[in-house]
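1. my questions concern the predicted model and sequence given below.
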Amino acid sequence: EADIYQTPRYLVIGTGKKITLECSQTMGHDKMYWYQQDPGMELHLIHYSYGVNSTEKGDLSSESTVSRIRTEHFPLTLESARPSHTSQYLCASSEERLGAIEQYFGPGTRLTVT
Amino acid sequence: RKEVEQDPGPFNVPEGATVAFNCTYSNSASQSFFWYRQDCRKEPKLLMSVYSSGNEDGRFTAQLNRASQYISLLIRDSKLSDSATYLCVVYVSGGYNKLIFGAGTRLAVHP
């Protein structure tokens, strides 16, 4: 089992609230990622980080922001939640071994904005 | 055109059947290839890497054809527990090293 954690697992919140989704990993991985996935749909990369103080936007435009102050921690923040932000958010980290990359996912946060 | 294309399915097969999934990728700079499995409402998990010479892990066999930019996964003797979505994933390096996920192929194995 991968040591990558996300909290909360489920969140129902009203429009306009600020929320932070937590992600942490204890594997010492430099690379971390946030994906957004709607039910039955594909994963979309929204943010990634290659190490402390490094963050980049992914392929899917997102109103969220991220920070990477510590290797093990990669929180995602929505300043003002909207119903369109309702989705599942998956955090991941990766390592390269023997020339191949293996990515580990957290259990996800299912966000509902009412 | 998507960078990684898969037939979304669903593939509905009886227990014991052999089923094959295909995947094509568009970026010839893709270096590494994987199959991930995602159960309903769960996170994706690595099923197996795909090597150039092809590789097998129990009932699962993965093949890679770099010339055609095509990857396959064969599942023999399907079990009910194989029901899931199978994601084809490619790793592209150079500039922005990242994994690109296909939308997945759904498999439903029935008794």
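-> Ah, there it is. Numbering: from 1, shown residues only, chains lettered A, B, ... in the order given.
2. mind listing what's buried in stretch A:96-111?
-> For stretch A:96-111, burial by neighbour count (16 or more other C-beta atoms under 10 Å in any protein chain shown) applies to A:101-111. From N, CA and C alone the C-beta is placed, and that goes for glycine too.
3. of those residues, closest to A:Ser64?
-> Minimum distance to A:Ser64 across these is 10.4 Å, recorded for A:Leu111 (C-beta to C-beta).
4. quick one, helices of chain A?
-> Read by DSSP state H, chain A holds no helices at all.
5. give me the beta-bridge partners of the residue nearest the centre of it?
-> For chain A, the residue sitting closest to the mean C-alpha position, by C-alpha atoms, centre = their mean, is A:Trp34 at 3.0 Å. Beta-bridge pairing of A:Trp34, defined through DSSP bridges, involves A:His47, A:Cys91.
6. re the thing from before, and the least confident of the buried residues of stretch A:96-111?
-> pLDDT across these is at its lowest for A:Ile101, which sits at 76.
7. residue contacts, that residue?
-> Listed by C-beta atoms under 8 Å, 6 or more residues apart in numbering or on different chains, the contact partners of A:Ile101 are A:94-95, B:32, B:91, B:97, B:99.
8. which one of those residues is nearest A:Thr65?
-> Using C-beta to C-beta, the contacts of A:Ile101 come closest to A:Thr65 at A:Ser94, 21.1 Å.
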